[in-house]
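[1] kindly generate the corresponding structure for this input.
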Amino acid sequence: MAIHYREHIAKVTRHYHYRFTCEHCGVLTNWLQGTVYGYGIMQTRSGGDLTDQQSLELHQRAVEDVNGKYERVQRHAQAGMYSDIAEISTEDKEPGSAQRGLGGADAGFPVPCPACGKQQSWQIGNNYLIAALVFPVVSGLLFILSWGVYQAIMRVYNNELDGFSLGELFAAVPNTIVFSGLGTGIVAGIVWFFYAKSKATHGKVRNKPEFSWD
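    The predicted structure is shown next:
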């Protein structure tokens, strides 16, 4: 006989406020609200309801979760690691949380300037650097592979090879091409990253957000 379970979820939120002076138009924003989410999950057999004690325990789990995240958000804000705050505020690492629709809620942080709609330099995090490096490097590798295929095909066409293997394909690519392709990709990625950072402020003063904690 199959045993059925009923899942109970508790959600608790905590708020903080922040404001910033726009690096583009110079407007000081009103206090904006950020939200941190905490979750508690509990299962009961045969679809039963929670007892009063279980309800208190479930709520306490959510409270502990949100308080832990709130402290992490504070530490990251104090350290200037603003790009991690939204992910910390909404994450849920319980098994199956994605299927439940937990996590990924609107943290309310960061937002572009409400006056001019432009992004601030402190809103550009390490993910941009990773993307800046990955895409050019992949492009460089594709170029290297394409060059190797071309060289191998030409050698077959000129009757220098009776077909070619993967090893012969890569052997057809000079080391100078390999290192040039990878080096160009990495340099291009770094240049793109700093260009994105400078474009966010157009060379103006780089401001930081101000926080008010509850």
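
[2] lowest-pLDDT helix or strand in the chain?
    Taking mean pLDDT, DSSP states H and E as the measure, the chain has helix 166-171 as its least confident helix or strand, at a mean of 53.

[3] and this protein, what are its domains?
    5-125, 127-204 (the TED database).

[4] mean pLDDT lowest where, among these?
    When those are ranked by mean pLDDT, domain 127-204 comes last with a mean of 57.

[5] wait, isn't Gln60 in contact with Met42?
    No. With contacts counted by C-beta atoms under 8 Å, Gln60 stays clear of Met42, the gap being 10.6 Å. C-beta: built from backbone N, CA, C; applies to glycine.

[6] higher neighbour count, these two?
    Neighbours per residue (other C-beta atoms under 10 Å) separate Gln60 from Met42, with Met42 holding more: 17 against 13.

[7] hey, C-alpha coordinates of whatever helix or strand the more buried one lives in in PDB?
    Using DSSP states H and E, the element containing Met42 is strand 32-45. Extracted C-alpha coordinates of strand 32-45, given in PDB (Å, rounded to 0.1, in the frame of the first residue of the first chain):
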ATOM      1  CA  LEU A  32      13.800  51.700  -2.100                       C
ATOM      2  CA  GLN A  33      12.700  48.400  -0.500                       C
ATOM      3  CA  GLY A  34      14.700  45.100  -0.800                       C
ATOM      4  CA  THR A  35      13.200  41.800   0.300                       C
ATOM      5  CA  VAL A  36      14.800  38.700   1.700                       C
ATOM      6  CA  TYR A  37      12.800  35.400   1.600                       C
ATOM      7  CA  GLY A  38      13.000  32.500   4.000                       C
ATOM      8  CA  TYR A  39      11.400  29.100   3.500                       C
ATOM      9  CA  GLY A  40      10.400  26.200   5.700                       C
ATOM     10  CA  ILE A  41       9.200  22.800   4.300                       C
ATOM     11  CA  MET A  42       7.700  19.900   6.200                       C
ATOM     12  CA  GLN A  43       5.800  16.700   5.100                       C
ATOM     13  CA  THR A  44       3.000  14.900   6.900                       C
ATOM     14  CA  ARG A  45       2.000  11.300   6.100                       C
END
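
[8] thank you, goodbye.
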